[in-house]
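1. A structural model of the following input is requested.
(3 chains)
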Amino acid sequence: MDVADLAELRAIEELKYRYLRYLDLKQWDELAGVFTEDATASYAGGNLVFAGRHNILEFLRDALATQLTSHKCHHPEIELQTGGRATGVWALEDVVIDPDAGYTIRGAAYYSDRYRKEGGAWRIEHTGYRRVYEELEMRKPPEQGGATVTADWWRTDGRSSLGPPPSRGSA
Amino acid sequence: MDVADLAELRAIEELKYRYLRYLDLKQWDELAGVFTEDATASYAGGNLVFAGRHNILEFLRDALATQLTSHKCHHPEIELQTGGRATGVWALEDVVIDPDAGYTIRGAAYYSDRYRKEGGAWRIEHTGYRRVYEELEMRKPPEQGGATVTADWWRTDGRSSLGPPPSRGSA
Amino acid sequence: MDVADLAELRAIEELKYRYLRYLDLKQWDELAGVFTEDATASYAGGNLVFAGRHNILEFLRDALATQLTSHKCHHPEIELQTGGRATGVWALEDVVIDPDAGYTIRGAAYYSDRYRKEGGAWRIEHTGYRRVYEELEMRKPPEQGGATVTADWWRTDGRSSLGPPPSRGSA
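-> Predicted coordinates:
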């Protein structure tokens, strides 16, 4: 493995990180740019399958509209191939909270991706995952012991409504 | 640090990622291959100690048989040493769900590993962690507000039984 | 990107990992060493702002005194700049448990950091994050279905009080 390979691996990792950042921050226009135009995606462990960047984006924009999401990918195992192609295996952990609909989904999965270099930039040609597990929990109102959302990128500009810990007194 | 060192560090990271993937996917034969034959392991923050690849595997195979697990390692601080040896510090976060026994364990820990290169391949010579914290929660039935498992690598082939979000309508 | 750049990126990542390790393990003296003396910090999504290493440390030492914390940073997007400077974007997921005060906080955020090289060592010049979401849950007693803390770096030396899974019998 030479320095060019190491730089390529890092570029592919950053591609994935941008994908996840744009996804969780609902930056749909930027998100479109990480896919090839003919990209395919398989979400929900294969239940939801889409062909074409346009259709993937339409699904994500709609599906995540009211949700607070955290998709984190770990443990990259990336293989460079000839002809500007690469594959990647990633371990996903995700949290999806819909405060209005009243549910939280948590899970783990393994992604199997394919990447392609177009005009000097890596893009996602295929992404899809299979769940290790997933669980759904209905959110209870805070007065019944449920969790309270105390910060939200959109509704509170990402600021927490929690003060410093009580032990500190007024800071 | 030269390019060979950077490649070695990456190879050791991928070793750890394979270990974690084989562990959570219960691929025991593949998991055996990541350990040296004389490997030692210290789990549960030092409560459960094993010597020899065979004994480590026997424990893991048995202990994790009925569990859905997600072991994720972050923040690698790896040091290459002379003679094909290296050490690694990693931050673990793990979730262990046993739907049948009815409990969930969540926690964080710091791993201190030793690695050894044998015949050109890095293997785990010692692995062990100390908990930052760990908590145990008994799972309630869904009708009492508990979480429902909606996907499972083995029982549902990793597919989610959840449809797209209600906001989307029937997709 | 050359090998020196790749090594610098890795050095900055390890700086962040040490920061997070010292933070969660409450190693305050070591933590001081990762900041420049004129460092600034913006926590709680901008609610809590500090100028100067001394003031940052005083806040953290006090705020986290009684808490069990797990701050994990993912998805590094680091840019080297001229003059020994760099910027970094990271995805945070954190869990904060205060068993005595009886709450758990969980959340996700995006960090925007600035780093500066001083005497050959990278240090944090500014760190701050904006929340994607944050939620607060009051902890119930175990007899009412709440979680039990079963390991703690300080109170149990990081050892779990849980035995091996029931399926294993007495190990």
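2. So which elements touch the lengthiest strand in chain A?
-> Scanning chain A for the longest strand, with DSSP state E as the assignment, gives strand A:121-138. Counting by 3 or more CB pairs under 8 Å, 6 or more residues apart in numbering or on different chains; DSSP states H and E, the packing neighbours recorded for strand A:121-138 are helix A:3-24, strand A:35-43, strand A:85-98, strand A:103-118, strand B:68-81, strand B:148-152. Glycine gets a C-beta too; all of them are placed from N, C-alpha and C.
3. Please render the ones you listed as JSON lines that adds distance to chain C, mean neighbour count and mean pLDDT to the earlier fields.
-> Below are those laid out as JSON lines (distance: least, CB to the nearest CB, whole Å; neighbours: other CB atoms under 10 Å in any protein chain shown; pLDDT from 0 to 100):
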{"stretch": "helix A:3-24", "distance to chain C": "4", "mean neighbour count": "19", "mean pLDDT": "98"}
{"stretch": "strand A:35-43", "distance to chain C": "18", "mean neighbour count": "18", "mean pLDDT": "97"}
{"stretch": "strand A:85-98", "distance to chain C": "6", "mean neighbour count": "20", "mean pLDDT": "98"}
{"stretch": "strand A:103-118", "distance to chain C": "9", "mean neighbour count": "20", "mean pLDDT": "98"}
{"stretch": "strand B:68-81", "distance to chain C": "4", "mean neighbour count": "19", "mean pLDDT": "98"}
{"stretch": "strand B:148-152", "distance to chain C": "16", "mean neighbour count": "21", "mean pLDDT": "96"}
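4. And the ones you listed: which comes nearest C:Pro141?
-> strand A:103-118 (22.1 Å; CB to CB).
5. Mind giving me the packing neighbours of that closest one?
-> helix A:3-24, strand A:85-98, strand A:121-138.
6. Export these as TSV, with columns for distance to C:Val149.
-> Below are the helices and strands packed on strand A:103-118 laid out as TSV (distance: least, CB to CB, whole Å):
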stretch	distance to C:Val149
helix A:3-24	30
strand A:85-98	21
strand A:121-138	21
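7. quick one, which of those is nearest to C:Tyr133?
-> Of the helices and strands packed on strand A:103-118, the one closest to C:Tyr133 (CB to CB) turns out to be strand A:85-98, at 6.3 Å.
8. Packing partners of the closest one?
-> Under the contact rule (3+ CB pairs under 8 Å, 6+ apart), strand A:85-98 is packed against helix A:3-24, strand A:68-81, strand A:103-118, strand A:121-138, helix B:3-24, strand B:68-81.
9. Okay, now the sheet partners of the fourth one, with direction.
-> The strands that strand A:121-138 pairs with in its sheet are strand A:35-43 (parallel), strand A:103-118 (antiparallel), strand B:148-152 (antiparallel) (by DSSP bridges).
10. starting at the chain centroid, how far to the second one?
-> Yep, that's strand A:103-118 we're talking about. 7 Å (CA atoms, centre = their mean, to the nearest Å).
11. Between strand B:85-98 and it, find me the angle.
-> Strand A:103-118 and strand B:85-98 are oriented at 140 degrees to each other (axes from the mean of the first three to the mean of the last three CA atoms, to 10 degrees).
12. now strand A:103-118 against helix B:3-24, angle please.
-> Using the same axes, to 10 degrees, strand A:103-118 lies at 140 degrees relative to helix B:3-24.
13. and what of the last one?
-> What separates the directions of strand B:148-152 and helix B:3-24 is an angle of 120 degrees, with the same axes, to 10 degrees.
14. hey, C-alpha coordinates of strand B:148-152 in CSV?
-> C-alpha atoms of strand B:148-152 as CSV (Å, rounded to 0.1, in the frame of the first residue of the first chain):
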residue,chain,number,x,y,z
THR,B,148,-40.0,-4.5,20.3
VAL,B,149,-37.2,-6.1,18.3
THR,B,150,-38.1,-5.3,14.6
ALA,B,151,-35.1,-6.8,12.8
ASP,B,152,-32.6,-9.6,13.6
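15. contacting residues around A:Asp24?
-> A:Asp24 makes contact with A:69-71, C:91, C:108, C:132 under the criterion CB atoms under 8 Å, 6 or more residues apart in numbering or on different chains.
16. Take those residues and write them to JSON lines, including distance to C:Gly120.
-> What follows is the contacts of A:Asp24, written out as JSON lines (distance: CB to CB, whole Å):
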{"residue": "A:Thr69", "distance to C:Gly120": "40"}
{"residue": "A:Ser70", "distance to C:Gly120": "36"}
{"residue": "A:His71", "distance to C:Gly120": "37"}
{"residue": "C:Ala91", "distance to C:Gly120": "29"}
{"residue": "C:Ala108", "distance to C:Gly120": "34"}
{"residue": "C:Val132", "distance to C:Gly120": "35"}
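17. roughly how far out does stretch A:60-80 sit from the chain middle?
-> 1 Å.
18. Could you see whether chain B lies near that stretch?
-> Yes. Looking at stretch A:60-80 against chain B by CB under 8 Å from any CB of the partner chain, the contacts come from A:62-67, A:74-77.
19. how far away is A:Asp113 from B:Tyr129?
-> Look at A:Asp113 and B:Tyr129: by CB to CB, to the nearest Å, they are 29 Å apart.
20. Quick check: buried residues in the helix or strand hosting A:Asn55?
-> A:Asn55 is part of helix A:53-63, with elements assigned from DSSP states H and E. Within helix A:53-63, the residues that count as buried by 16 or more other CB atoms under 10 Å in any protein chain shown are A:53, A:56-57, A:59-60, A:63.
21. helices or strands next to it in the packing?
-> Using 3+ CB pairs under 8 Å, 6+ apart: helix A:53-63 touches helix A:28-32, strand A:35-43, strand A:48-51.
22. Mind doing that once more with 10 Å?
-> helix A:28-32, strand A:35-43, strand A:48-51, strand A:121-138 (3 or more CB pairs under 10 Å, 6 or more residues apart in numbering or on different chains; DSSP states H and E).
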